[in-house]
Structures are given as C-alpha cells and as structure tokens.
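Undergrad: kindly generate the corresponding structure for this input.
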Amino acid sequence: MRSSIFGNLDPQQMPPGGFVLENHKMLRVQLPHEVLAKQGSMVAFQGKMDFDYEGSGGIGKLFKKAMTGEGASLMRVRGEGRLFLADNADDIHLFYLENEGITVNGRNLLAFQPQLTWDIQRVQGAGVAAGGLFNTTVTGTGWVAVTTHGTPVLLDAAAMPTFADGQSAVCWSAGLNVGVNRTVKMGALIGRGSGEAMQLAFTGQGFVLVQASEGVPVPAPRS
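TA: From the prediction side, this is the model:
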C-alpha cells in the first residue's frame, strides 16, 4: 500500500489511474475512466461528464446503511476531462491499494476507482462494547481518496501497541486485529468523542490514520 501521507507518493512514480491532489483540500480525477465519488463532492469539472446517482450499491448495502447509519451515498461519474472533488474543505489523502484492503469511516470516504469492491461491515472485535461500530471496507487494486478534519497522523500498528478514539480513527489496514481497550480508572474520560474511558486497540501488520478531531458524532445503530 502506498499513501500520500507525508509525501510517500512521488508524483513521478505514482501508479496510473488519474487521481492527483490538486492541493491538500481538492482532488483532481482525470477521466475517461469512471470514478465513484461521494454524492455532492463535485466542485468543478472541465470537459463532458455524466453524473449518475449510485446510492448505496444495491439492496443489501442499502439495508446495511439503513440499519447501521454507516456509508455515504455515492455518484458514478463518466465522461472525459478533469473532475475536481472536495468535501467541506477537509484535508484529502490518497491511498493506492495493491490487492489489499482498508476499512474507512463512511463519512470520510471521498472517492475510489470502480474496479475496487466495497461493503459495509462490522468492525470485528469492537462489537457491542464500542456501540456496534460499522465501517466501509474497500478492497482490490486501485486508488482510494479519504478526507480528514485537520492534518492526521499515520501510525504503524506493528511498531508498538496502538490505540485511538473510535471517531478519530479515519481508516486502517483491513488486516489489523481490532479490539477495545478500557482504561484502569473508569473516571478518566479518554477521548471527547466517545465520552467513555475506552478506545479502539489495533494489533498486527498495518497502519491507522488518525485525524486531529473526533469529527461528527457517529449515529447510534437502529434497533
């Protein structure tokens, strides 16, 4: 996996596919290739393009979205030219997957290439203890663009035990083991986003991208 965090993607050695950071807050996608993007994220385009509502990607995913509150409505863009995407002036970061996967908070998923597969899945290990946490998992080979509120940090979970607030952890390697860590002193409020002395715990080979904010509160799952 290659990422734009801290300049890990050399523009001269970037894989093909047409995803380029115009700046830290705007993504430029070069068509004629199709792209799936967050509905409403188009800020400008040059050329000729068609925008079709993609929804949640099928009845099964629509049901999961309705039940969990996870996932963003998508649009499919076809045509030729340059497409510019942004979301509320949030910072944008690119990941190039090479037959691998990442799990992303749906509200942070900006765009990805159509050959990638995606689904809404429960975060294994977090379960009921974390309020029934669900994320969007994207797998395959191709580009993924995610947004963060502020400049994030990319943590190597293999280097040492890694913990993050559930609303601050934007995305992580799909192969990581995820659990819940509780502080010894339950009165200590760790993470304003959770309001509880509890964090997600990550182990294994991979990364965790953590934003500098707890962001918008995660809706409670419907019973």
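
Undergrad: need the helix or strand of this structure with the lowest average pLDDT.
TA: Of all helical and strand segments in the chain, the minimum by mean pLDDT, DSSP states H and E falls on helix 59-68, at a mean of 42.

Undergrad: what pairs with the next helix or strand after it, parallel or antiparallel?
TA: Taking DSSP states H and E as the definition, the helix or strand that follows helix 59-68 towards the C-terminus is strand 74-85. Pairing partners of strand 74-85, with direction, according to DSSP bridges: strand 26-31 (antiparallel), strand 35-38 (antiparallel), strand 42-55 (antiparallel).

Undergrad: pick the most buried one from those strands.
TA: Comparing those by mean neighbour count (mean count of other C-beta atoms under 10 Å), strand 35-38 comes out on top with a mean of 23. (Each C-beta comes from the backbone N, C-alpha and C, glycine too.)

Undergrad: pLDDT weak spots in this protein?
TA: Under the criterion of pLDDT under 70, the regions of the chain flagged as low confidence span 6-17, 55-72, 124-132, 182-198, 215-223.

Undergrad: got the contact list for the one residue sitting closest to the centre of it?
TA: Centrality entry for the chain: nearest residue to the mean C-alpha point is residue 104, 3.2 Å, by C-alpha atoms, centre = their mean. In this structure, residue 104 makes contact with 135-138, 144, 146, 170-171, judged by C-beta atoms under 8 Å, 6 or more residues apart in numbering.

Undergrad: partners of it in the sheet?
TA: Beta-bridge pairing of residue 104 under DSSP bridges involves residue 136, residue 171.

Undergrad: please apply the same query to residue 37.
TA: Residues in beta-bridge contact with residue 37 (DSSP bridges): residue 75, residue 111.

Undergrad: am I right that it is in contact with residue 73?
TA: No. The criterion here is C-beta atoms under 8 Å, and residue 37 misses it with residue 73 at 10.4 Å.

Undergrad: residue 153: which of the contacts of residue 104 is nearest?
TA: Using C-beta to C-beta, the shortest approach to residue 153 within the contacts of residue 104 belongs to residue 170, at 10.4 Å.

Undergrad: once you drop chain neighbours, what's closest to residue 173?
TA: The spatial neighbour of residue 173 that comes closest, neighbours along the chain excluded (C-beta to C-beta, 6 or more residues apart in numbering), is residue 206 at 2.7 Å.

Undergrad: look up how far residue 96 lies from residue 173.
TA: Applying C-beta to C-beta, to the nearest Å, the value for residue 173 to residue 96 is 13 Å.

Undergrad: all set now, cheers.
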